[in-house]
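Participant: Quick one: sequence and predicted model below, then my questions.
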Amino acid sequence: MSVAALRDNRAVWAFGVLGVTWLAAIAFANGFGTVSSVRYLVQTASFLGIVAIGQTLVVMMSGIDLSVSAVVALSAVVCAQVASGSGGAAGILVALAASVVVGLVNAAGLVWLRLPPMVMTLATGTVIAGALLIYTDGSPRSARIPLLDTLANGSVAGIPYATVLWLAIAAAGVWLLHLSRLGRYAFALGTSEPASRASGVPVPVTTLVMYAACALLAGVAGLVLLGFTGTSSLTMGSPYQLLSIASVVLGGTSILGGRGHLLGTVAGALLLTLLTALLAAWNLSEGLRQVTLGLLIIVLLLAYARERRTA
Amino acid sequence: MTLLSVENVSKSFAGVRVLRDVSFDVRPGEVLGLVGENGAGKSTVLSLITGLLAPDAGTVRFDGARVHSGIRAWSPHRARAAGIASVHQELSLNPHQSVAENVFLGAWPTRGGLVRHRDLVARARPLLSRVGLDVDPLTRAGRLPLGAQQLVELAKALTGDPRLLILDEATSALDDDQVRAVFRVVDELRAAGKSVVIVTHRMGELFAVSDRMTVLKDGEVVATRERAATDHDDLVKLMVGRELSDMFPPKSKDTAAVPAEPVLTVRGLAVPGSCAGIDLDLVPGRVIGLGGLQGQGQREVLRALFGLRRHSGQIDMDGRPCRLATPREAIRRGIGYVPEDRKTEGLHIAHSVRANLSLPSLRALAPARSLTTVSRRQEARLVAGLVDSMRIKASSPAQEVRRLSGGNQQKVALAKWLPTKPRVLLLAEPTRGIDVGTKRQIYHHLRELADSGMAVLVTSGDTMELVGLCDEVAVMYEGSIVDRLVGAELTEERLVHASVVGQEVTHV
């Protein structure tokens, strides 16, 4: 890739901004240079990162998934419930299957009922959240599943398993989105649906797979979170809803679809986690933290991830 | 005395000279034709006049004043305020608003700050009738056929009572009646001492309205001629340096000798509200045309055959009935489609030449045995082959299609089907808005494809194109085929006659 191409590549920008921010954090804030802080950061970023990779898959085909927060909670609650009766492995499988079903329902609504993604996924998310409230009565449930416990808290050669999982998922995502046929179809759909139909792009299959994958990853994130905290609660997914979309966009992917790179999202998730940690380190109040984070996101978007005006 | 003068203007984009020392002028009460192949610099010159671009060197004067100087930069807004209006091939209507709202877009008449629909409609009516458009001003603009939308654009341009009207390929989507309506407006403007600059690829139109013609070639003015002092061949020679006679390839020789079996037989095809009772036999080796006035259902026939429109009727492929309910089914059966609207349906214009060319062939480039991973090497080979054989001019396969000229875009829209080895190729308006040189190339490509055993079906509003290119032309009127012209019968006169006879028959 030439220098000019690199300069135009917004995913590369995302990594650049991440690097600069990290260096700034090490220079101006306490404790950001230590190995343990880096470890903690990449571990926390994994939860968001996994959800955001799924989000990238659907945003690239100019979709959006607003049910991810509900799926994170669904997966954790279902797993905790099933595991208490039938064991950890069964819990994990049932939770992931339930997540995939949600993704398929989302996609079915888009493909066959022709609902806009924003409305369809928001509706499924709301239904799930409500159902979980009825089912759990709102009380958190604790569950100790050894496999998830290791996954969330263990590490190999100093690298947390959660991070390893995240990177493995990122690699699979890169294959799916950038190397496989389906990924090409997703990009094509994200650029122009009429042109894609007229070129023979299998719209239903592409939509089903991408939304199912997105929901599956939200489910995985829910399980890792369950392992990390040891409890499942209804609100455990809420931070990931909008932050996952912010990660995608800060990673340089066009919110309109058809343009970007999945690896940019990895940088986006790390960047957001880093900023959150930085703000926490400055001892700002919770309200002030949120205000600052929101403003920072706007500044970063303006700096490199703005939509181009159509030429 | 001149209204507009362009003096020694030069302009470069990223180091590439697109205009070099261009000079011409437009007098009050004059119609100037601006001609040249795509990429000759016509659009750039017009953008300088309308304030979309500023020249690197040289001056543009409007009404005696230099426009690109002073504190306030020349802009589309200021150009309009000064009395320069333009209509382009690309539509700028808001499809969800009414015709009347579109006509006055940006300048809605208000009373006490409120837009009154009755005023809007009342004021739109005379403008619409002036451009020969008989539609309800409250119709949503997006519901009108392309040609009518183009006329709405013209009505919109006339709202400010312009002193200079620029028509940039504004007639390319119009049928003959509509073109006449546009020319009536042009004549009115000329009689009122207003001026018009017209850009069109249709030579006949150019000679019908222009007083003078300025020929651009490779960003330079080659010549400016009075209408009386030039003719068709002379102009084309100036533009391309080529005789017109080899514009069309020789037709299929074995028209009668080998009665080849049709690959696709259509009987009684009907699309609700658009066409009915259509019978067609698409034979390998032959180019068949669908002629007639604009919007007689030709487009819907093609869309139905490609599975984009719900239809009824009997369609047989190789003698066996087949269903063409979706484009995927049509493609699987070996049908390719180059739509008239290449920027929204024919191409992913924001994607690279490479991605566009390989999209229909991904099944072969990413087989299941490699887990559907796209083979970049095979893809590169496929793309290089197509770019080479179709002579697509792109800086690299990674270049975005929207940066290509219209002619090269059309080549990409056609080329992407070739690797799928289609047996039937459907093309709607294959050379609309394309320069003469590329037109010729496309005609020759289509003939070569037919000779290699493909059945080709073309719709076109350009009678010369149908006569020059096709072996047989079916003439449509109000959704039915009213005549079929083959061999010696296929002349421009017969074709035009048949299109109009259809009109008489149905209106008796």
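Facilitator: Yep, that arrived.
Participant: Secondary structure element holding the closest residue to residue A:95 other than its chain neighbours?
Facilitator: Using C-beta to C-beta, 6 or more residues apart in numbering or on different chains and skipping the chain neighbours, the partner closest in space to residue A:95 is residue A:79 (3.8 Å). Heads up, the C-betas are built off the backbone N, CA and C, glycines and all. Taking DSSP states H and E as the criterion, residue A:79 maps to helix A:68-86.
Participant: Which strands and helices lie in contact with that helix?
Facilitator: helix A:35-60, helix A:88-111, helix A:117-136, strand A:141-142, helix A:203-229, strand A:231-232, helix A:238-250 (3 or more C-beta pairs under 8 Å, 6 or more residues apart in numbering or on different chains; DSSP states H and E).
Participant: Minimum distance to residue B:144: which of those has it?
Facilitator: helix A:203-229 (28.0 Å; C-beta to C-beta).
Participant: Show me which residues of the strand or helix carrying residue B:414 are buried.
Facilitator: Here residue B:414, judged by DSSP H and E, is contained in helix B:406-415. Of the residues in helix B:406-415, B:406, B:407, B:408, B:409, B:410, B:411, B:412, B:413, B:414, B:415 count as buried by neighbour count, 16 or more other C-beta atoms under 10 Å in any protein chain shown.
Participant: Let's have the residues you listed in a markdown table, adding pLDDT.
Facilitator: Formatted as a markdown table, the entries for the buried residues of helix B:406-415 read as follows, by pLDDT from 0 to 100:
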| residue | pLDDT |
| --- | --- |
| B:406 | 82 |
| B:407 | 86 |
| B:408 | 90 |
| B:409 | 92 |
| B:410 | 93 |
| B:411 | 94 |
| B:412 | 96 |
| B:413 | 95 |
| B:414 | 95 |
| B:415 | 95 |
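Participant: what two of these have the greatest distance between them?
Facilitator: Those two in the buried residues of helix B:406-415 that are separated most widely, counting by C-beta to C-beta, are B:406 and B:415, at 14.7 Å.
Participant: ok, and what's touching the helix holding residue B:414?
Facilitator: B:38-39, B:338-339, B:342-343, B:346-347, B:349, B:353, B:356-357, B:386-387, B:389-394, B:401-402, B:404, B:427, B:430-431, B:433-435, B:437-439, B:441-442, B:445 (C-beta atoms under 8 Å, 6 or more residues apart in numbering or on different chains).
Participant: quick one on the thing from earlier: was I right about the residue nearest to residue A:95 contacting residue A:93?
Facilitator: No. Using C-beta atoms under 8 Å, residue A:79 is not in contact with residue A:93; the gap is 9.1 Å.
Participant: More neighbours: these two, which one.
Facilitator: Each of residue A:79 and residue A:93 has its neighbours counted (other C-beta atoms under 10 Å in any protein chain shown); residue A:79 has more, 29 against 13.
Participant: tell me the contacts of the more buried one?
Facilitator: Residue A:79 sits next to A:91, A:92, A:94, A:95, A:143, A:145, A:148, A:222, A:223, A:226, A:232 when contact means C-beta under 8 Å, 6+ apart.
Participant: tell me the domain ranges of chain B?
Facilitator: With automatic domain parsing serving as the domain definition, the record reports that chain B contains domains spanning B:4-243, B:264-334+B:422-507.
Participant: Next, the distance between the ends of stretch B:208-217.
Facilitator: Stretch B:208-217 has an end-to-end distance of 22 Å (criterion: C-alpha to C-alpha, to the nearest Å).
Participant: Tell me the spacing between residue B:287 and chain A.
Facilitator: Computed with C-beta to the nearest C-beta, to the nearest Å, the distance linking residue B:287 and chain A is 22 Å.
Participant: where does the residue nearest to that residue when sequence neighbours are not counted land in three-state SS?
Facilitator: Excluding the flanking residues, the one nearest residue B:287 by C-beta to C-beta, 6+ apart is residue B:456, at 4.4 Å. Per DSSP: H, G, I helix; E, B strand; the rest coil, the secondary structure class of residue B:456 is strand.
Participant: Can you get me a residue count around residue B:456?
Facilitator: Count around residue B:456 with other C-beta under 10 Å applied: 26.
Participant: shaky segments in the chain?
Facilitator: Just going to use chain A. Flagging of chain A using pLDDT under 70 yields the residue ranges A:1-8, A:305-311.
Participant: Chain B is the one I meant
Facilitator: Scanning chain B residue by residue, the ranges that satisfy pLDDT under 70 are B:14-16, B:37-39, B:70-72, B:240-245, B:253-259, B:500-508.
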